[in-house]
Structures are given as C-alpha cells and as structure tokens.
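Colleague: build the 3D model from these lines:
(2 chains)
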Amino acid sequence: NAGVTQTPKFRILKIGQSMTLQCTQDMNHNYMYWYRQDPGMGLKLIYYSVGAGITDKGEVPNGYNVSRSTTEDFPLRLELAAPSQTSVYFCASTHRTGINYGYTFGSGTRLTVV
Amino acid sequence: DAKTTQPTSMDCAEGRAANLPCNHSTISGNEYVYWYRQIHSQGPQYIIHGLKNNETNEMASLIITEDRKSSTLILPHATLRDTAVYYCIVRGGGNEKLTFGTGTRLTIIP
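Modeller: Numbering: from 1, shown residues only, chains lettered A, B, ... in the order given. I've put the predicted structure just below:
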C-alpha cells in the first residue's frame, strides 16, 4: 500500500530549465492537489483536480501547469524555472470532498533553482 | 473557509499531555475543524477532525467548545516523536481545498 508517491525527492534546476514533478496514488482517490512550502511557512495550494480531465487553479498557480489524464497520476510541470520556485512541493489526495475524508500527502520534492 | 489563529510555538514535557489551542471565531455551521501535523519537513499527516462533539482516536482527542469558536487538540502522553508543527484547519463540506496557516510548532522536552 504505497499511498501517494512523489518523484524525484530532490532536484536542482538552472534558471530557465523545465521539469515535471511526478505524483501518483494507488488509493483510487478522486481528488488530487499540489502544494508548495517555502521555508518556515505553511503550505500554499498551486493546483488541484477533482477527477481525470478536470483541473483548477489554487492560490499560487503562476509558473506551473498540470494535467490529469488518469485517476492515479497528477504531474506538475515547471516550464521556465525561476529562483522564486525554490521550495518543497507536496502532492496530496483524498477520496472526495466529503468531510469525513482526510488528505494523504506524499513525502515531498525538494526543488532548488539556481 | 473560516480563518484560524494558533500560537506560534509551545513546549511540553515528555509524558505530559500536550494541549494545543485554536481559535476559529468565524466558523460557520457546516464547517469542520481538522488537525494535521508535519514532522520535520515530511508531508503533513492527518490527526483528527470534528464538527461539534468531542472526538477521540488512537492519536489524539479534539475538544470543541459549545459555541464552536475554539478547539483544543490533546496529545495525552506526549513523546519526543510528537515534536512537529500542528495545523488547525477549518473546512466546509463540498469545499475541495484544504487551506493551511502557519501552525503551532510543538517541542517536546525530555
């Protein structure tokens, strides 16, 4: 029972490079989320998805793109990396918006842009 | 979602009960109180949630005041592994998003 799996765990990018942060869950959860966490701060929502083919912006979507072609996968794309995107990125999922379901988080991807 | 207010940091002696307060004075009738914790930059971990009744599970107890304007998370016998940042979050049914504040940094003292 893997839960939410994020890859890679660490990455260093140069300014202007692009990359995809991978997130997959094996719990058949409908809802998936991407958060970023800057040092000493709480988590901020980047994008979320309520099902395959459906995505929506969160609080800080600029500089990112997402897709949801399957229930299991929710990749986050950075097209032109900037130093301001240096952060720890967390993916999360939940069964549905019903209030009796908690979120399951991945272990995070630590990204540094230099 | 209603905003929450938590102390920035707290200490608790190992083996004692840790009581973490949260104010949510603007909570509405259909909003639940959730608690998560984050241990040393790991992904947040769900602890417990409740609407108006007190709740208990294997990890913690949640006490919600009768007017629902505040709540307390209780870790009954704190261990060093409970050192973490604890987030109190208010969320209504049908809202897809979980909004985090800055939380309370709890340090368990040996």
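
Colleague: find me the pLDDT at the residue most central in space within chain A, would you?
Modeller: By Cα atoms, centre = their mean, chain A has its centre lying nearest to residue A:34, at 2.8 Å. For residue A:34, the pLDDT comes out at 97.

Colleague: what sits opposite it in the beta ladder?
Modeller: residue A:47, residue A:91 (DSSP bridges).

Colleague: for chain B, see how far away it is.
Modeller: The gap separating residue A:34 from chain B is 12 Å, by Cβ to the nearest Cβ, to the nearest Å. All C-beta atoms are positioned from the backbone trio N, CA, C, and that covers glycine.

Colleague: dump the residue contacts of that residue.
Modeller: Residues in contact with residue A:34, defined by Cβ atoms under 8 Å, 6 or more residues apart in numbering or on different chains, are A:21, A:23, A:45-48, A:58, A:64, A:66, A:74, A:76, A:89-92.

Colleague: okay, now the unreliable bits of the chain?
Modeller: Since you didn't name a chain, this refers to chain A. Applying pLDDT under 70 to chain A picks out residues A:1, A:97-100.

Colleague: chain B is the one I meant
Modeller: B:1-2, B:93-95.

Colleague: would you mind listing what in it touches chain A?
Modeller: Residues of chain B lying close to chain A (Cβ under 8 Å from any Cβ of the partner chain) are B:32, B:34, B:36, B:41-46, B:49, B:51, B:87, B:91-103.

Colleague: let's go with 10 Å and repeat that
Modeller: B:30-32, B:34-36, B:38, B:41-49, B:51, B:85, B:87, B:89, B:91-103, B:105 (Cβ under 10 Å from any Cβ of the partner chain).

Colleague: which of those are buried? Put it as a ChimeraX command.
Modeller: To isolate the buried ones among those in ChimeraX, judged by 16 or more other Cβ atoms under 10 Å in any protein chain shown, type:
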select /B:31,32,34,35,36,38,43,44,45,46,47,48,49,51,85,87,89,91,96,98,99,100,101,103,105
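
Colleague: surely residue B:102 is in a strand?
Modeller: No - read with DSSP: H, G, I helix; E, B strand; the rest coil, residue B:102 is coil and lies in no strand.

Colleague: so what's it closest to, chain neighbours aside?
Modeller: Of all residues not flanking residue B:102 in the chain, residue A:42 sits nearest, at 4.8 Å (Cβ to Cβ, 6 or more residues apart in numbering or on different chains).

Colleague: return the residues in contact with that neighbour.
Modeller: Shown in contact with residue A:42 (Cβ atoms under 10 Å, 6 or more residues apart in numbering or on different chains): A:35, B:38, B:44, B:85, B:87, B:89, B:99, B:100, B:101, B:102, B:103.

Colleague: tally of neighbours for residue A:78?
Modeller: 20 (other Cβ atoms under 10 Å in any protein chain shown).

Colleague: and what of residue A:80?
Modeller: 10.

Colleague: so how far is residue A:31 from it?
Modeller: 28 Å (Cβ to Cβ, to the nearest Å).

Colleague: in TSV: the contacts of residue A:42, plus distance to residue B:12.
Modeller: Converted to TSV, the contacts of residue A:42 look like this (distance: Cβ to Cβ, whole Å):
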residue	distance to residue B:12
A:35	27
B:38	17
B:44	20
B:85	14
B:87	17
B:89	21
B:99	26
B:100	22
B:101	20
B:102	19
B:103	15
